[in-house]
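Undergrad: Sequence below, structure please.
(chains A and B)
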Amino acid sequence: MYNKSFLKGMLPAIVLKLLAENGRMYGYQITQAVKELSKGEVTLTEGALYPLLHELENANILISETEIADNRLRKYYRIAPDKTTIAQEKVSDAIGQLNQFTELLKVKII
Amino acid sequence: MEKRVLTSDELLLVKNFINKRGFEFFDLQLEILDHTAAAVEEKITQNPAMSVEKALVEVHASFGPLGFVTIEDAFIKQLSKKKWKNAFQIWNQPKTVISVLLFTFFLFMYFKAATIYFPVMVAIPLALLAWGIYDFYQFYKIKGGKKFLSTHGFNSIHIEISLWIAYSQIYISPFLNKNLYMFMFCLALSTLISWNLAKRKFMFNQLFHYQNLQFRLFQSELSKTKP
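TA: Next up, the predicted model:
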């Protein structure tokens, strides 16, 4: 199981990466995609996902569209067309940070 | 394995379950309903012997001790940010600033010249009250008996009343600089009116959006029942 605070920091990058690859996704689909990709190791809770989606929507990085699916209304999220570079930057930043941490952890303690 | 999709009756069951837990606002329910229904569908697809009711209880438990509150909190936070963003956006437009200043100036000139008590102290507050009642009626009609978080806390009548009470001080207090006080009052009133106009526009847009969604859902259900 992953550290929760570590996951929180990585969450925007994970969600943006998923949306960049899949085009558009709805809330539950994102939680399931994270679960599948991490082979059940990472559980993305609703309490962490929805505030983030709303935050990214308020920042105009994501746009939402509501459609009818399976007899009900479903809200899909996707990256705003003019914000794809910002999304890519956030993902690259997260990868960069991860690499830096990996290097730090490789240092031998004398 | 073929995905099991909830029927309209089963969706109603999920909706009632959410409603019974106190989440009765239509716009909030929309956020919770799809997530919950999708989770229930997955459970009953994986285990076809499981009842929808049992799956629903398990899904609710998986939300943790706070239940749907986590989604509600996120929704309220977003709505509040949206409202404030929308309200402040109007002040970035020069036309708003110019209109408010012009309105303040003409209101001030009128109040200064007014000698008749009735129009100033009674007619204008009554007009504002009538405007509030008209909006309330319009909202009521569009809502169609449903509650919406998007229009919650719209009324600013208490601010208007406070303003008029403050304004009435001008006739009572001998210590006030009447012109300055009157100007400040006019500025506050103009600002409040433009603020309300922006809020009103935002809320009507939200309601029309949900009304449109409901209509589309209704049309989709109707098309399924047609032979």
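Undergrad: Residue ranges in chain B under the pLDDT threshold?
TA: B:116-121, B:153-159, B:170-172, B:225-227 (pLDDT under 70).
Undergrad: residues contacting the residue sitting nearest the centre point of it?
TA: Central residue of chain B (CA atoms, centre = their mean): B:Thr151, 1.7 Å from the mean position. Residues near B:Thr151 by CB atoms under 8 Å, 6 or more residues apart in numbering or on different chains: B:Phe139, B:Lys143, B:Met203, B:Gln206, B:Leu207. C-beta coordinates here come from the backbone N, C-alpha and C atoms, glycine included.
Undergrad: run the last query once more with 10 Å
TA: Counting by CB atoms under 10 Å, 6 or more residues apart in numbering or on different chains, B:Thr151 touches B:25, B:27, B:135-136, B:139-140, B:142-143, B:199-200, B:202-204, B:206-207, B:210.
Undergrad: now, which of those residues sits nearest chain A?
TA: B:Tyr210 (9.2 Å; CB to the nearest CB).
Undergrad: My read is that the closest one contacts B:Ser150, right?
TA: Yes - if you go by CB atoms under 10 Å, B:Tyr210 and B:Ser150 touch, sitting 7.4 Å apart.
Undergrad: okay, and the common contacts of those two?
TA: Listed as contacting both B:Tyr210 and B:Ser150 by CB under 10 Å, 6+ apart are B:Phe26, B:Asp27, B:Lys143.
Undergrad: My guess is the last one contacts B:Phe204. True?
TA: Okay, so that is B:Lys143. No - judged on CB under 10 Å, B:Lys143 makes no contact with B:Phe204 at a distance of 11.4 Å.
Undergrad: between these two, what contacts are shared?
TA: Common contacts of B:Lys143 and B:Phe204 (CB under 10 Å, 6+ apart): B:Ser150, B:Thr151.
Undergrad: What are the boundaries of the strands in chain A?
TA: Using DSSP state E, the strands found in chain A span residues A:24-26, A:62-69, A:72-79.
Undergrad: what's the closest of the shared contacts of B:Tyr210 and B:Ser150 to B:Trp91?
TA: B:Asp27 (26.3 Å; CB to CB).
Undergrad: Tally up the residues packed near that closest one, please.
TA: Neighbourhood size, B:Asp27 [other CB atoms under 10 Å in any protein chain shown]: 20.
Undergrad: tell me which element it is part of?
TA: Assessed by DSSP states H and E, B:Asp27 sits inside helix B:26-46.
Undergrad: ok, is that helix in contact with chain A or not?
TA: Yes - for helix B:26-46 and chain A, the contact criterion (CB under 10 Å from any CB of the partner chain) is met by B:29-39, B:41-42.
Undergrad: State the next helix or strand along the chain beyond that helix.
TA: Toward the C-terminus from helix B:26-46 - assigned by DSSP H and E - lies helix B:52-62.
Undergrad: list the buried ones in whatever helix or strand comes next after that following helix?
TA: Where DSSP H and E defines the elements, the next helix or strand beyond helix B:52-62 is helix B:69-89. Across helix B:69-89, burial judged by 16 or more other CB atoms under 10 Å in any protein chain shown covers B:Thr70, B:Ile71, B:Glu72, B:Ala74, B:Phe75, B:Gln78, B:Leu79, B:Lys82, B:Lys83, B:Asn86.
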